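>>> With the input below, show me the fold.
(one chain, ligands or ions: 2)
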Amino acid sequence: MDLTVALNERQRQAVETTEGAVLVLAGAGSGKTRALTYRIAYLIEQGVDPYNILTLTFTNKAAEDMEQKVKKLIGDQISNMYLGTFHSVCVRILSQNLEPLGYESGFVIYDQSETKALVSDIIVTFDLDKEKYDPQSICRIINKAKQNLWTTEELIDYYEDTDFYQNIAEIYVKYNEALQDNNAFDFNDLIGKTIELFEENEEILEKYQERFKYVLIDEYQDTSPVQYQLARMLSRKHNNIFAVGDDYQSIYKFRGADMSNILDFSTDFADCKVIKLERNYRCKANIIEASNAVIEHNYNQSDKQAWTDNEPGEPIVIAEASDEYGEADYIVDEINNLVRFTGYDYSDIAILYRSNHQSRVLEEAFVKQRIPYYIVGGLGFYDRKEIKDIISYLKVAVNPQDTVALKRIVNTPKRGLGPRTIDKLINHAQEHVPEFDLFSFAQEDNTLGLFDVMQEPTQVSGIGKKKAAKVRQFHETLEQLIAVKESDLSLPQQVDQILKKSGYQAMLELDTSENAQTRLENINEFLALTNNYYQKNKSRDLEDFLRDLRLFSDQDDLNEANQVKMMTVHAAKGLEFPVVFVVGVEEEIFPHYRSITTGEREDIEEERRLCYVAMTRAEDRLFMSYARERKKYGETQEMIPSRFLDELPREVVLEKYHDLGF
Ligand code: ATP
Ligand code: MG
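Ligands and ions are numbered 1, 2, ... in the order given. Have a look, this model is predicted:
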């Protein structure tokens, strides 16, 4: 491996300074990630066992890319290296040390909807007013507490010592107990529990400290204080820590990331070496000039030089459209031009937006115009909540003993029942019908078990009269679903009936939010898909359909090849594409409404950094578009072009106007 060819002098210094603490602080596209990748290869080439290396990336995708690149440089000998996100590395550590934590193998990780359900349950158990104790807000407080590793006392200290926060503290305690009872971690626990493990078991910590002779961190500016604490703990023995980052790109404050990390690094690690990279290899000069001009409007940041040898390239296009459909049309036109006349592939192109929901109108236009696309990190059709819900209802109709599916739908729509109640029922079934295998899919003899326990819920300990009535009612609903499944109705009719009898459709119809409307549309899409399937496979029943659905969704993911990629700006961090469209560059969208209403300069600055991240993803061509008006909650609203567009130097900009019709 010849470093002199692949790297500039500063990068080489970053790679070859293997001992001690090193911080690389440099702008977008300056080759930080490249230096980090070469450093791994270099260490191994110098005889370091991959087993002794810990590399932390910001996304799983980044970890995969890095692994591929290292393998390309030095071959396939890195399987025992720890390379992944903070979270995935913690999962690995936790799963090797469950016993001291009081967990068992086969633990689960709860997602947001599951943690929220758990909190709702606790609010019910505590007999608190749901209006006042809104589960969503309480989850937010719990998240904050966990991100800061607060004890209950610290939580109360931070807020106020009122009944309200006393109750929240109690919910917090109960919530943590419930997680442990369910052999579950929430997302924050992954790091929090790892730290707890290390704090309470010195010998375990020492083992890992001994192991990780070299610790490397990418996207360092977005590590949270807790992640930082963990990295420090792990590198304390050998003190070989290498971090690369860019304070201009710190965009995760809302998730607890703390820019002071990057500024504190040199004081926390004695004899820390700071290396600055100044040459941008990624972007055409116009793009660098434009993105620098934007970020210069922020006050609070380090001073960095940036230069490039790259040619100026095309001007940055700022495109105005009449409305969101016009904007989508415009993008379709540009993409067609780029692919037909300029020689780009669809896969060279990325569409970046501030918020997930902005993809919908674009998706519609792409489907109509046959532009292949892929949503990165976002939810594929089968990952959407409502689609997962309806599939769970179908699963339950086929197999009422499917506890995972049951838990998913038991309280959607709201029935005053939560996963804890289901747990009690499961425990009861397990204790009283020991030969029954709760988790197998097709029961030979399903005359006994969870489903039957629901019929006689009063026998179950911990379930009072009121709860029991609700359980029985739910049991009746399930019986209706099973009856639908066993009826002579056609497959699409069965699915339709299950949607109705479960109350799921009514729940969405009664909900007037935009979100519920989108969900209904997706449900309709699912019905259309069911119909389609039925037309092709008339002989197949619900069970076959469910099995085949799995196959569709698995294939979906494989098909990433020549497609336009769509994602949020957050998800695009660290990535690069020849052509980038940043869409919806309007006040209240980008910068986001929330950041404007707080009136805090720091919030706008975070949005500006986000804009900087978006722009610097582009290698050759950058398009930024806005609409003059847009529908919001069914009403047309006038939009104002984003302030960030005003910050672009006119010399590098080309303005275009795209209007529907004439
Ligand atoms: P970001 O802050 O966006 O994560 P980065 O600093 O990590 O950016 P890289 O992704 O490592 O930048 O590099 C940007 C591009 O420049 C990549 O395509 C990389 O291969 C290329 N590059 C970096 N350094 C060099 C070099 N010395 N010679 C040639 N190409 C380079
Ligand atoms: Mg990078």
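
>>> got the residues of this structure near ligand 1?
7-8, 11, 26, 28-34, 246, 249, 281-282, 574, 576, 616 (C-beta under 6 Å from any ligand atom). Where C-beta positions appear, they are placed from N, C-alpha and C, glycine not excepted.

>>> Please list which of those are also close to ligand 2.
Near ligand 2, judged by C-beta under 5 Å from the ion, the entries from the residues of the chain next to ligand 1 are 32, 33, 574.

>>> ok, and the most crowded of those residues?
The most crowded member of those, judged by other C-beta atoms under 10 Å, is residue 32 (25 neighbours).

>>> what's the spacing between that one and residue 2?
Distance from residue 32 to residue 2, counting by C-beta to C-beta, to the nearest Å: 20 Å.

>>> before we move on, what about residue 190?
With distances taken as C-beta to C-beta, residue 190 is found 39 Å from residue 2.

>>> Comparing these two, which shows the higher neighbour count?
Legend: neighbour count by other C-beta under 10 Å for residue 190 and residue 2, higher for residue 190 (19 against 6).

>>> Report the contact partners of the more buried one.
Neighbouring residues of residue 190 by C-beta atoms under 8 Å, 6 or more residues apart in numbering: 86, 87, 90, 91, 94, 109.

>>> Check these and tell me the two furthest apart.
Comparing all pairs in the contacts of residue 190 by C-beta to C-beta, the longest separation belongs to 86 and 109, at 13.8 Å.

>>> who has more neighbours, those two?
With other C-beta under 10 Å as the criterion, residue 86 and residue 109 differ in neighbour count, and residue 86 comes out ahead with 21 against 14.

>>> Please look at that one and residue 191 and confirm they touch.
Yes: the criterion here is C-beta atoms under 8 Å, and residue 86 meets it with residue 191 at 6.0 Å.

>>> what touches both of those two?
Common contact partners of residue 86 and residue 191 (C-beta under 8 Å, 6+ apart): 227, 230.

>>> can you give me the strands in the stretch 501-650 of the chain?
Along the stretch 501-650 of the chain, the stretches classed as strands by DSSP state E, counting those that start in this stretch are 564-568, 577-582, 618-627, 629-632, 635-638.

>>> How about the stretch 151-300 of the chain?
All strands of the stretch 151-300 of the chain, identified by DSSP E, counting those that start in this stretch, fall at 184-186, 214-217, 241-245, 273-277.

>>> With mean pLDDT and mean neighbour count added, can I get these in CSV?
Output for the strands of the stretch 151-300 of the chain, formatted as CSV (pLDDT from 0 to 100; neighbours: other C-beta atoms under 10 Å):
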stretch, mean pLDDT, mean neighbour count
strand 184-186, 87, 21
strand 214-217, 98, 24
strand 241-245, 96, 26
strand 273-277, 93, 18
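
>>> for the ones you listed, which one sits closest to ligand 2?
Among the strands of the stretch 151-300 of the chain, strand 241-245 comes nearest to ligand 2, with 7.1 Å by C-beta to the ion.

>>> The closest one vs ligand 2: in contact?
No: for a cut-off given as C-beta under 5 Å from the ion, strand 241-245 has no contacts with ligand 2; the smallest distance is 7.1 Å.

>>> What angle do strand 273-277 and that strand make with each other?
Interaxial angle, strand 241-245 versus strand 273-277 (axes from the mean of the first three to the mean of the last three C-alpha atoms, to 10 degrees): 30 degrees.

>>> Look up how far ligand 1 lies from residue 563.
Noted for residue 563: a distance of 20 Å to ligand 1, by C-beta to the nearest ligand atom, to the nearest Å.

>>> can you list the residues of the stretch 551-662 of the chain near ligand 2?
Contacts of the stretch 551-662 of the chain with ligand 2, taken as C-beta under 5 Å from the ion, map to residue 574.

>>> Tell me which residue of the stretch 551-662 of the chain lies closest to ligand 2.
Nearest residue of the stretch 551-662 of the chain to ligand 2 (C-beta to the ion) works out as residue 574 at 4.2 Å.

>>> Double-check that residue against residue 32; I have them as touching.
No: with contact defined as C-beta under 8 Å, residue 574 and residue 32 do not form a contacting pair (9.1 Å).

>>> Any chance you could list residues touching both of the two?
residue 218.

>>> Return the residues in contact with the nearest residue to the residue of the stretch 551-662 of the chain closest to ligand 2 once chain neighbours are set aside.
Excluding its sequence neighbours, the residue lying closest to residue 574 (C-beta to C-beta, 6 or more residues apart in numbering) is residue 62, at 5.4 Å. Taking C-beta under 8 Å, 6+ apart, we find residue 62 in contact with 33, 218, 219, 574.

>>> which helices and strands does the host helix or strand of residue 480 pack with?
In this structure, residue 480 is located in helix 465-486 according to DSSP states H and E. Applying 3 or more C-beta pairs under 8 Å, 6 or more residues apart in numbering; DSSP states H and E, one finds that helix 465-486 contacts helix 385-398, helix 419-432, helix 491-501.

>>> lowest average confidence, helix or strand, in this structure?
None of the helices or strands of the chain scores lower by mean pLDDT, DSSP states H and E than helix 542-558, at a mean of 64.

>>> Fine by me, thanks again.
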